[in-house]
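Enquirer: Test case, fold it:
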Amino acid sequence: MPKVMIPTPLQAVAGNRAEIEVPGATIAQVLDNLEKACPGMKSRLCDADGKIRRFLNLYVNETDIRTLKGAETPVGPKDEVSIIPAIA
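Expert: Numbering: from 1, shown residues only. This is a model prediction of the structure:
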């Protein structure tokens, strides 16, 4: 299963975990399953339309998903998904 790296500000929602393994073949599926594992997480990551919030950067194996297919970016079972809050 893909491993999701949780940033410090969101770890309380994730039961104080820094990483969580959740199933999913795309970023969208990983986020849906992350919500099942950590209720309330998706509302912090996505807006009311379900789109990833602009101030968050998501990476699959150190590649920004915005340079790939966004929420439809494929994710493999050994991949690492990093959630990085933007700093202005």
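Enquirer: alpha carbons only for contacts and neighbour counts from here, please
Expert: Noted.
Enquirer: and residue 85, what is it in contact with?
Expert: Residues in contact with residue 85, defined by C-alpha atoms under 8 Å, 6 or more residues apart in numbering, are 7, 55, 56, 57.
Enquirer: correct me, but the last one touches residue 64?
Expert: Yes. Using C-alpha atoms under 8 Å as the test, residue 57 is close enough to residue 64 to be in contact (6.9 Å).
Enquirer: what's the farthest-apart pair in the contacts of residue 85?
Expert: Longest distance between any two of the contacts of residue 85 is 13.2 Å, between 7 and 55; criterion C-alpha to C-alpha.
Enquirer: who has more neighbours, these two?
Expert: Remark: of residue 7 and residue 55, residue 7 carries more neighbours, 16 against 11, as counted by other C-alpha atoms under 10 Å.
Enquirer: ok, back up a step: which of the contacts of residue 85 fall in strands?
Expert: Among those, DSSP state E puts 56, 57 in strands.
Enquirer: how about the contacts of residue 85 in JSON lines, adding pLDDT and distance to residue 13?
Expert: As requested, the contacts of residue 85 are exported to JSON lines (pLDDT from 0 to 100; distance: C-alpha to C-alpha, whole Å):
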{"residue": "7", "pLDDT": "95", "distance to residue 13": "11"}
{"residue": "55", "pLDDT": "91", "distance to residue 13": "18"}
{"residue": "56", "pLDDT": "93", "distance to residue 13": "16"}
{"residue": "57", "pLDDT": "95", "distance to residue 13": "18"}
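Enquirer: Of the contacts of residue 85, just say which sits nearest to residue 71.
Expert: Nearest to residue 71 out of the contacts of residue 85 is residue 57 (C-alpha to C-alpha; 11.4 Å).
Enquirer: contacting residues for that closest one?
Expert: Contacts of residue 57 by C-alpha under 8 Å, 6+ apart are 64, 65, 83, 84, 85, 86.
Enquirer: Any idea how many residues pack against the second one?
Expert: For residue 65, the tally of surrounding residues (other C-alpha under 10 Å) stands at 19.
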